[in-house]
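Asker: Quick one: sequence and predicted model below, then my questions.
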Amino acid sequence: MTKAMDMGATTFLTNARLIDPEAGEERTGNVILDGGVIAAIGSASAPKGARVIDCGGKCLAPGIVDLGVKVGEPGERHKESFRSAGLAAAAGGVTTIITRPDTLPAIDSPETLEFVTRRADEAGPVRILHMAALTRGREGREMVEIGFLLDAGAVAFTDCDHVVADSKVLSRCMIYARSLGALVIGHPQDPGLSKGAAVTSGKFASLRGLPGVSPMAERMGFDRDMALVEMTGVRYHADQVTCARTLPALERAKANGLDVTAGVSIHHVTLNEFDVGDYRTFFKLTPPLRAEDDRVAMAEAVASGVIDILCSMHTPQDEESKRLPYEEAAAGAVALQTFLPAAMRLYHDGTMSLPKLFRAMSLNPSKRLGLPGGRMAVGAPADLVLFDPDAPFVMDRFTMLHSKSKNTPFDGTRMEGKVLATFVAGAQVYGREL
């Protein structure tokens with residue numbers, strides 16, 4: 001836990017539809033929260049003096065652990081602060097944020113990491129942990145002080161979408177990270193092929209006159225990284241796998257015993273390249289949205305477990321950086337609050353069950369980072385989300401989003417899935433009095 005939180009009083013949650021990603025099952029039951037952890041499951045009666053909450057048959061699941069959230073501190077606080085990101089996370093059922101180091105300046109020194117840790121502790125209502133850059137300034141030339149940053153609390157190392165093009169530099173980083181047991185997170189992309197691209201290449205890109213990048217750029221970048229992982233033995237996570245052509249290589253890497261996992265953003269499993277429509281910049285992402293066949297393949301890969309982690313890749317951008325011609329507009333979308341309702345699309349269309357969804361959103365990111373969360377089990381942290389998967393609403397970015405930036409591709413969209421309450425360490429951090 002990155003901050004001193006007041007642990008909630010003993011709470012008895014009754015009549016809940018329990019989502020257990022570890023067991024892969026749903027069941028009706030009661031849960032007791034005490035001392036910041038899940039104290040009991042299935043107890044028939046409330047402890048004396050406990051606060052009783054009737055869940056009304058709604059879903060109770062482990063809180064989402066979101067790996068790869070952009071917060072604007074330091075340098076871009078006008079886009080997102082720890083306070084606004086924390087409020088958005090709580091409203092979206094995200095109980096742990098794992099921040100990216102693509103800040104101004106980058107989180108590449110123990111001093112900068114200590115600063116953001118202190119700011120997060122002061123401001124956020126949810127747990128906030130931090131990744132650090134892999135190279136100084138995310139410039140791909142000089143390795144950061146991995147050991148000191150680990151001691152300061154870094155949970156992983158990544159240059160985000162600044163791919164380390166020099167394989168010799170990257171191999172040195174991996175060798176050193178391997179010696180310390182550190183997790184390296186890569187962005188599989190060939191930087192030469194993808195430079196200047198705004199969309200995925202193909203007929204749609206040609207019709208719109210937009211510069212595109214072939215899906216093979218991702219495959220080539222992934223193959224390079226896998227060769228280096230095989231050479232160094234480092235623990236490696238691919239932040240986003242978005243193309244069907246990358247999946248066979250991912251499966252081979254796992255079958256060969258490499259310590260490799262992969263993630264994909266919620267946008268790449270719920271949207272496709274045609275959503276860009278008439279140059280709608282809220283749909284400009286990194287990597288760009290892919291073909292429908294790729295979207296379906298990614299969703300199926302999450303369901304089967306080939307892709308381990310589903311994340312928001314929350315990237316706040318202000319109005320000025322989005323209201324530009326498509327090629328010039330900044331990439332990225334906010335997603336902390338829309339993560340869960342967007343994921344419900346995969347549940348309602350039959351792609352995967354709720355336990356499988358929360359395996360990818362909660363359990364697997366916790367396991368990859370060595371965190372105790374993501375489990376519906378006695379002794380696990382009392383980080384939970386109570387939600388109604390069927391509740392409809394129309395997303396209004398100005399009235400509903402807590403993020404400072406409002407660049408959601410789901411603005412005006414009819415969605416299903418409402419967060420009713422969020423608990424962190426047993427304390428209710430979001431929701432009306434139940």
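Answerer: Here it is on my side, so go on.

Asker: in the stretch 251-400 of the chain, which spans are helices?
Answerer: Per DSSP state H, counting those that start in this stretch, the stretch 251-400 of the chain carries helices over the ranges 266-270, 292-304, 319-322, 339-348, 354-358, 364-369, 397-400.

Asker: In the chain, which helix is the longest?
Answerer: helix 216-232 (DSSP state H).

Asker: Using CSV, write out every CA atom in the very next helix or strand once past that one.
Answerer: Going down the chain from helix 216-232, the next helix or strand is strand 235-238, by DSSP states H and E. As requested, the backbone C-alpha atoms of strand 235-238 are provided in CSV (Å, rounded to 0.1, in the frame of the first residue of the first chain):
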residue,chain,number,x,y,z
ARG,A,235,11.0,-10.9,-16.8
TYR,A,236,9.1,-9.1,-19.6
HIS,A,237,5.7,-7.7,-20.2
ALA,A,238,4.4,-6.4,-23.6
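
Asker: Where does pLDDT dip in the chain?
Answerer: 1-6, 433-434 (pLDDT under 70).

Asker: buried ones in the helix or strand residue 173 falls within?
Answerer: Take DSSP H and E as the rule and residue 173 turns out to sit in helix 167-180. Within helix 167-180, the residues scored as buried using 16 or more other C-beta atoms under 10 Å are 169-174, 176-178. For the C-beta atoms, the positions are set from N, CA and C on the backbone; glycine is no exception.

Asker: elements contacting that helix?
Answerer: Helices and strands touching helix 167-180, by 3 or more C-beta pairs under 8 Å, 6 or more residues apart in numbering; DSSP states H and E, are helix 146-151, strand 183-186, helix 216-232, strand 235-238.

Asker: Now distance to residue 111 and mean neighbour count too, for these, in CSV please.
Answerer: Shown next, in CSV, are these (distance: least, C-beta to C-beta, whole Å; neighbours: other C-beta atoms under 10 Å):
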stretch, distance to residue 111, mean neighbour count
helix 146-151, 10, 17
strand 183-186, 22, 25
helix 216-232, 28, 20
strand 235-238, 26, 23
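
Asker: between those, which gets nearest to residue 7?
Answerer: The minimum distance between residue 7 and those falls on helix 146-151, with 26.8 Å, by C-beta to C-beta.

Asker: Would you mind pulling the contact partners of the closest one?
Answerer: 109-110, 113, 132, 157, 173, 176-177, 180, 182 (C-beta atoms under 8 Å, 6 or more residues apart in numbering).

Asker: Make JSON lines from the helices and strands packed on helix 167-180 and add distance to residue 298 to it.
Answerer: Shown next, in JSON lines, are these (distance: least, C-beta to C-beta, whole Å):
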{"stretch": "helix 146-151", "distance to residue 298": "31"}
{"stretch": "strand 183-186", "distance to residue 298": "17"}
{"stretch": "helix 216-232", "distance to residue 298": "11"}
{"stretch": "strand 235-238", "distance to residue 298": "12"}
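
Asker: So for residue 382, which of those sits nearest?
Answerer: Nearest of the helices and strands packed on helix 167-180 (C-beta to C-beta): strand 183-186, 25.8 Å.

Asker: How far does that closest one sit from its chain's centre?
Answerer: Mean-position distance between strand 183-186 and its chain equals 14 Å (C-alpha atoms, centre = their mean, to the nearest Å).

Asker: elements contacting it?
Answerer: Against strand 183-186 (3+ C-beta pairs under 8 Å, 6+ apart) you get helix 167-180, strand 235-238.

Asker: Now with 6 Å, please.
Answerer: Under the contact definition 3 or more C-beta pairs under 6 Å, 6 or more residues apart in numbering; DSSP states H and E, strand 183-186 sits against strand 235-238.

Asker: returning to that earlier point: residue 62 is nearest to which of the helices and strands packed on helix 167-180?
Answerer: Going by C-beta to C-beta, the one of the helices and strands packed on helix 167-180 nearest residue 62 is strand 235-238, 19.8 Å.

Asker: which residues touch the closest one?
Answerer: Here strand 235-238 makes contact (C-beta atoms under 6 Å, 6 or more residues apart in numbering) with 183-186, 188, 229, 259-262.

Asker: redo that, cut-off 10 Å
Answerer: With C-beta atoms under 10 Å, 6 or more residues apart in numbering as the contact definition, strand 235-238 has outside contacts at 67-68, 156, 158, 174, 177-178, 181-188, 218, 221-222, 225-226, 228-229, 246, 250, 253, 258-264, 307-309, 365, 368-369.

Asker: so what strands line up beside it?
Answerer: When pairs are called by DSSP bridges, strand 235-238 turns out to pair with strand 183-186 (parallel), strand 260-265 (parallel).

Asker: In CSV, list those along with distance to residue 373.
Answerer: Listed next are the strands paired with strand 235-238 as CSV, based on distance: least, C-beta to C-beta, whole Å:
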stretch, distance to residue 373
strand 183-186, 16
strand 260-265, 17
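
Asker: Residue 23: which of those strands is closest?
Answerer: Per C-beta to C-beta, nearest to residue 23 of the strands paired with strand 235-238: strand 260-265, 20.8 Å.

Asker: Mind exporting the C-alpha coordinates of the closest one to PDB?
Answerer: Extracted C-alpha coordinates of strand 260-265, given in PDB (Å, rounded to 0.1, in the frame of the first residue of the first chain):
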ATOM      1  CA  VAL A 260       6.700 -13.300 -20.800                       C
ATOM      2  CA  THR A 261       3.200 -11.800 -20.400                       C
ATOM      3  CA  ALA A 262       1.200  -9.400 -22.600                       C
ATOM      4  CA  GLY A 263      -1.500  -6.800 -22.200                       C
ATOM      5  CA  VAL A 264      -4.000  -5.000 -24.400                       C
ATOM      6  CA  SER A 265      -6.000  -1.800 -23.800                       C
END
